[in-house]
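Colleague: Everything below, folded, please.
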Amino acid sequence: MILKNYKKYDFIFREGTYGDRAYMIDTGRVGIISETDHDGKRKVVAILRKNDIFGEMGLIDNEVRTATAIALEDTQVSVISKKTFDYLLKHDPFALRPLLEVLSHRLRSTTDLLWDNSKGPVLKVRS
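Modeller: Numbering: from 1, shown residues only. Sure, this is the predicted structure:
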C-alpha cells in the first residue's frame with residue numbers, strides 16, 4: 001500500500017470521478033460530502049477517523065464516485081489500489097475481511113434508512 005498525505009481541506013476525490021482505489025485513514029479526519037443534495041446544497045454524509053475505510057465501492061464496481069471526500073484536517077491515508085485489491089482477492093481473500101465488513105455495515109445502514117423512510121403499503125406475509 002502507498003501512503004498519501006493531504007492538507008486540511010484538500011480534496012481526496014470528487015463526486016462523479018471514476019474510482020479505482022480505496023483509502024484507510026492512518027491519521028486525521030475525512031468528510032464524505034454529497035454534492036447533489038435535492039436543494040443544491042452540500043450535505044455531510046459522514047465524518048471518518050483513524051482506521052475507517054472509504055472509497056471502497058470503486059474497487060468493486062468501477063463506477064463513478066457517489067460523493068466527495070475532503071480532508072478535514074491534515075490527514076494521512078493508506079491507498080489500496082485496484083491492483084492490490086485484485087491480488088488479495090486471488091491470493092489472500094481473508095485480508096479483505098475489514099473491507100467486506102465496511103460494505104456490509106453500509107449496506108445495512110442504507111437498508112435501515114430506506115426502511116425508516118418507506119411510506120409504502122405494508123406487505124403481509126402468510127406463515
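
Colleague: need the strands for the protein, in chain order.
Modeller: For the chain, applying DSSP state E gives strands covering 2-6, 11-13, 21-27, 30-34, 43-48, 53-54, 68-71, 75-81.

Colleague: hey, which helix or strand in the protein has the poorest pLDDT?
Modeller: None of the helices or strands of the chain scores lower by mean pLDDT, DSSP states H and E than helix 97-117, at a mean of 78.

Colleague: Mind pulling up the pLDDT for Asp26?
Modeller: pLDDT for Asp26: 96.

Colleague: Just list the residues touching it, thanks.
Modeller: Asp26 sits next to Leu3, Lys50, Gln76, Val77, Ser78 when contact means C-beta atoms under 8 Å, 6 or more residues apart in numbering. (Each C-beta comes from the backbone N, C-alpha and C, glycine too.)

Colleague: could you dump the residues you listed to TSV with neighbour count and pLDDT?
Modeller: Output for the contacts of Asp26, formatted as TSV (neighbours: other C-beta atoms under 10 Å; pLDDT from 0 to 100):
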residue	neighbour count	pLDDT
Leu3	9	96
Lys50	12	95
Gln76	15	98
Val77	28	97
Ser78	14	93
